[in-house]
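J.: sequence first, then the predicted structure:
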Amino acid sequence: MTGPETDAAGPPDPWSAHWDQFSKATEANPGQALRRRLILRLLGPDAASPQAAILDFGCGSGDLLAEMAARFPGAAFAGVDLSQSGLALTAAKLPSAMLRRFDFAVPDGPPEELLGWATHVICSEVLEHVDDPAPLLANAARCLKPGGRLVVTVPGGPITAFDRHIGHRGHFTRARLREVLERAGFEVEVAAAAGFPAFNLYRLAVLLRGRRLVEDVSGPPRLLARSAMALFWGLMRVSLFDTPWGWQIVAAARKAK
């Protein structure tokens, strides 16, 4: 099936307002440039295989899935999210993807058609939104084929006012992310603290702007926000993959065979 499948009798969509409000700013977020480069690096060469099946856990408004589809035209793609509005935006960008709505942070399990479906699962900027990542990671493991790869990105560094506004429960260190993944039964291949210095500088700008940033990026970003994001988008290439100071935490792990 293409397009999002939703449960009309399900719970209200708490993330609908988020994507209605922030989808344009998310597209322009310079952190996306760094994260996509890191994800491409960590997915590995087999993501380009015709047998690749790539699942985005928490696909949001679909920007990452659309870019992965452009990079790997031979792969199959799927996305899951709690947000019905996010899935609708994703379907418009990537009509061929299999999209499903379910709460992957509860231990009920993913839709049956996704069990053992994926060779790769991407979980980008999701774990910081849940109090307990264990059920989410267990569901991701259920979607992976034996030996499949999980790529995770999470924020590190200080929690800003904007982070709290969009529901961040806590940020990570490289060591904490490794521990969480290992407890979930994954074999961690890489855990890194990326982003120093450019991403850190961007995050400091977000921190200093405080709650004013919420208004700056609600709907189409205002001129000041657009200018700052454009500047930092260009600077993101000045970001090292792994240092003691990086505030973009990333990991690649395997499901046991």
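T.: Great, that's in hand. Numbering: from 1, shown residues only.
J.: mind showing which ranges of this protein have poor pLDDT?
T.: 1-16, 19, 25 (pLDDT under 70).
J.: output the contacting helices and strands for the biggest strand by length in it.
T.: The longest strand of the chain (DSSP state E) is strand 144-155. In terms of contacts (3 or more CB pairs under 8 Å, 6 or more residues apart in numbering; DSSP states H and E), strand 144-155 is packed against helix 30-43, strand 118-124, helix 134-143, helix 174-183, strand 248-255. C-betas here are computed from N, CA, C, even on glycine.
J.: what about 7 Å?
T.: Strand 144-155 is packed against helix 30-43, strand 118-124, strand 248-255, with contacts defined by 3 or more CB pairs under 7 Å, 6 or more residues apart in numbering; DSSP states H and E.
J.: in JSON lines, list these along with mean neighbour count and distance to Q84.
T.: Shown next, in JSON lines, are those (neighbours: other CB atoms under 10 Å; distance: least, CB to CB, whole Å):
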{"stretch": "helix 30-43", "mean neighbour count": "20", "distance to Q84": "22"}
{"stretch": "strand 118-124", "mean neighbour count": "24", "distance to Q84": "20"}
{"stretch": "strand 248-255", "mean neighbour count": "24", "distance to Q84": "29"}
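J.: distance to M236 for those - can I get that in TSV?
T.: Supplementary listing: these in TSV, determined by distance: least, CB to CB, whole Å:
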stretch	distance to M236
helix 30-43	4
strand 118-124	15
strand 248-255	10
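J.: what's the closest of these to P95?
T.: Among those, the nearest to P95 by CB to CB is strand 118-124 (19.4 Å).
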